[in-house]
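*Asks:* for reference, the sequence and a predicted model appear below.
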Number of protein chains: 2
Amino acid sequence: MRNMSALCATALVSAALMASSGMAQDRYDLEPDQAETARMLMDQALDSDLGFSIVESLTTEIGPRLGGSDAEARAREWGVRTGAAMSFDRVSIEEFTMPYWERGEMEITMTAPYEMDIYGTALGGSGRSPRLRPINSEIVYFRSVHDLTQIEDGALDGMIAFVDGEPMVRSQTGAGYGAANQRRRIGWQHAERGGARALVVRSVGSDNHRFPHTGMMSSMDGDWADIPVIAVSNPDADHLRRLHDQGQSVEMRIASSAAWHGDVTSGNVVLDLVGRELPDEIVLIGGHLDSWDLGTGAVDDGAGVAITMAAAELIGRLPQRPRRTIRVVLFGAEEVGLLGARAYAEHHADDLANHVLATESDFGAGTIWQFNSNVNSDANPAISAIARELEALGIVFGNHNTPGGGPDIIPMAAQGVPTVRLAQNGMDYFDLHHTPDDTLDKIDPDALAQNVAAYAALVYLAAEMDVEFRTQDDAGMASE
Amino acid sequence: MRNMSALCATALVSAALMASSGMAQDRYDLEPDQAETARMLMDQALDSDLGFSIVESLTTEIGPRLGGSDAEARAREWGVRTGAAMSFDRVSIEEFTMPYWERGEMEITMTAPYEMDIYGTALGGSGRSPRLRPINSEIVYFRSVHDLTQIEDGALDGMIAFVDGEPMVRSQTGAGYGAANQRRRIGWQHAERGGARALVVRSVGSDNHRFPHTGMMSSMDGDWADIPVIAVSNPDADHLRRLHDQGQSVEMRIASSAAWHGDVTSGNVVLDLVGRELPDEIVLIGGHLDSWDLGTGAVDDGAGVAITMAAAELIGRLPQRPRRTIRVVLFGAEEVGLLGARAYAEHHADDLANHVLATESDFGAGTIWQFNSNVNSDANPAISAIARELEALGIVFGNHNTPGGGPDIIPMAAQGVPTVRLAQNGMDYFDLHHTPDDTLDKIDPDALAQNVAAYAALVYLAAEMDVEFRTQDDAGMASE
């Protein structure tokens, strides 16, 4: 048995080594001039502060830019103005219509066992207090959102529900987000079913600072909460938990004027470097232009906007355009439901077949540590060739079957657009995510430059190489 | 020359070794049972969560406790109740009267070049907007408070002044605080002289989180500001600086209802372990019971309250009381001007001569790294003997001529009370100091236990040893 195990282990290691070192039979080698250009782009990016200057400009000149707001419209103008002053050949805005939610004014105060201000924020899609008068009630404590989902209809009549939970698990990949996010997403549906007048939830974040994390709730068949739903910071939730554990009766006063305000115009900014040989074939990158309203959206997602614009700009300064078109999309209204991404996929329904590869940077500005892909399997050796170039930036290859190129890529990936992903180290990402603390000072210029370098090399090669990333029957791609 | 240098260096090293190892001629050795008891106390403290449970109780059951507020009165009741349930022989409140300031409601919004919420807080002693209506004005930018002090009278008529500056220097000793603090303390006097309608200052803090740091301004001959004075977070100040550097005209809307509300009652809580031989001789330790209103005052200064109460409690559980009385004072209204400390020195003017040694813990809950003293020089060998015991906790001795036993000790030290100081590592202290983020989760229970251990050993020995720390003519003590 022992020998067989050893044999199997050896075989596995050999396979892994072959895969990682590209020693598979179908090894693909870059043209020497392609490799040389990719390396030059990486060197230039590492020496440049272009990415940082773009995110500094966006966050300073525009500030917070909630999807659908006037500020987001100013951000689109910024995108067009900035793109036009760079190397892009085509600059346009593709408008779409969306429902607009605003948080308005909010108060949350603990009133018993004593009075204390609580640090909270209304969640996206939440409702206002009736007649804009404060709600005063004892809180009903739930240890987790699971406990809340177990209540009987009407059991919370007239009360305020408080859903505790654990601070989200810290991980490089952000793996803890989905599970922690349930209390934010679906809590209101059960609180309303129970007859609660308001819902308070522990923030979805990995920090212990006194910032609440906002974020969108999930609609239920298109309906949104009628009641105020407030996320409170982890230290505030800890405080409420301790009082509960002591057997104290906790009361709160909550007022909120959050509400939907009808339809408004948003849009995606589209910036193209037109391909010299295959102008209709598009390699799409981007970030989202909107941010939550509490911070200035530096990490989420000014960074993604800056990384992809800067990477394209470095390519745009080359003596000639790559063979394919490189498109940078600054998506609108991502935070409030991927509205720009859906609009893009709809608007381009007839030419999505020309989108040969897509990826978005929307996981902050930490160093990129991993590269994954999900393309036609015949193109995997070419992906491995790109991966070998990225190793110079400290980026390891993950695997060839990881769907998902970023949130705004989901709708087009669902239509068969192949994707890759450069994964940032997100260990600290959810410390800042959706809080007032998402500001420019949180971005490390050196890490941002490494991101630009990785995008520049990847996108240049994808646009220049004679490789078909798409597949006719999708058989070679994993689906999400 | 080289040999002489080497010789000098050797001599210096020898002297340092003699000093640090206590090999000086006048070496003082602890009685074996005293040393044994001190070590036992340290072991017990390191194994105990008593300190943490006290600060958890104070911050959870009372919450924020502004000097002069009802919450501070509840904190005194908590102190009496908690002290009575511990080993203390005498528990009392010494009341005093003080003027009461409250921040009320405040708004600070950037209104041009675009609208953005600013994270700010009114400074202690600041005024309200006239007729409680918002002040709207362009800001006049000052790179430092020094620049503001140079203006001519009336030069800011009707404007809002913004005083930038550097984030305070980070240091283990908190050395950067005094210099950075000038903009908070005296800025208003020059802004008012210039005719400004409001003053905005960069927070005095070493962090880059979006929390403003509050704190008291300085009065001018007993007068306080008539205008709103708002401290804004470092990231907000950075943002305003970038806009200024771009040549943008920045406008703000400021409203504040901060005001003085006449005289109220505060008090010091006094907890005594009565000495078995010299009950009138007092070794005084303590922290301050009040906190700023934004956080729950865990680090500033729930920690000091907990450390000194826990240390005394461990001594109180010994088979017999030490020779001298050990007094724990939970000072009131420290943050708003050392009012409890002044009241204590006044109330005890006639028996301050019986206070043989005093020290306060008011620099957070970081690990204690250094021990300093300022006592009758004949007692320095005894101090060194104590210092040798504290080395087991990773504490190094500083020197014998460092005045200052903590803020609340200043008034009694000015009357000749000898002091010692156990210096916490304050590298991160000014990240949290006076912000909403000063909450229980910021305290490391292990570091807090090390603090309790150091205080227990020090205070037990000071109360037990047959040493005169006082001097008749103060000749042996440095003055501040």
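*Replies:* Nice, thanks for sending it over. Numbers count the residues shown, from 1 in each chain, chains lettered A, B, ... in the order given.
*Asks:* contact residues of the stretch 51-200 of chain A facing chain B?
*Replies:* A:56, A:59-64, A:71, A:74, A:113-114, A:116-117, A:119 (C-beta under 8 Å from any C-beta of the partner chain). No exception for glycine: its C-beta is placed from N, CA and C like everyone else's.
*Asks:* now the residue in the stretch 201-350 of chain A that chain B sits nearest to: closest residue in space that isn't a chain neighbour?
*Replies:* Nearest residue of the stretch 201-350 of chain A to chain B: residue A:235, at 4.2 Å (C-beta to the nearest C-beta). Excluding the flanking residues, the one nearest residue A:235 by C-beta to C-beta, 6 or more residues apart in numbering or on different chains is residue B:439, at 4.2 Å.
*Asks:* now the most centrally placed residue in chain A: how far from residue A:307?
*Replies:* Geometric centre of chain A, nearest residue: residue A:362, 3.8 Å, by C-alpha atoms, centre = their mean. Residue A:362 sits 10 Å away from residue A:307, going by C-beta to C-beta, to the nearest Å.
*Asks:* now do residue A:292
*Replies:* Distance from residue A:292 to residue A:307, by C-beta to C-beta: 19 Å.
*Asks:* how about residue A:354?
*Replies:* 24 Å.
*Asks:* related to what we said a few turns ago, so which of the residues of the stretch 51-200 of chain A next to chain B comes closest to residue B:243?
*Replies:* residue A:60 (6.3 Å; C-beta to C-beta).
*Asks:* out of residue A:354 and residue A:307, which sits in the more crowded spot?
*Replies:* Per other C-beta atoms under 10 Å in any protein chain shown, whichever of residue A:354 and residue A:307 has more neighbours is residue A:307, with 35 against 16.
*Asks:* hmm, the more buried one is touching residue A:50, no?
*Replies:* No: using C-beta atoms under 8 Å, residue A:307 is not in contact with residue A:50; the gap is 10.0 Å.
*Asks:* and the stretch 301-450 of chain A, which residues reach chain B?
*Replies:* A:435, A:436, A:437, A:439, A:440, A:441, A:442.
*Asks:* list only buried entries from these.
*Replies:* Buried members of those, counted by 16 or more other C-beta atoms under 10 Å in any protein chain shown: A:435, A:436, A:437, A:439, A:440, A:441, A:442.
*Asks:* mind giving me CSV with the residues you listed and columns for distance to residue B:389?
*Replies:* Formatted as CSV, these follow (distance: C-beta to C-beta, whole Å):
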residue, distance to residue B:389
A:435, 46
A:436, 47
A:437, 43
A:439, 47
A:440, 49
A:441, 44
A:442, 44
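*Asks:* tell me the contacts of residue A:243?
*Replies:* Counting by C-beta atoms under 8 Å, 6 or more residues apart in numbering or on different chains, residue A:243 touches A:113, A:250, B:60.
*Asks:* name all residues that make contact with the second one.
*Replies:* The neighbours of residue A:250, taking C-beta under 8 Å, 6+ apart as the test, are A:110, A:112, A:113, A:138, A:139, A:141, A:162, A:240, A:243, A:244.
*Asks:* give me the element the residue nearest to residue A:331 when sequence neighbours are not counted is part of.
*Replies:* Distances taken as C-beta to C-beta, 6+ apart put residue A:340 closest to residue A:331, at 3.7 Å, once the chain neighbours are dropped. Assigned by DSSP states H and E, residue A:340 belongs to helix A:339-347.
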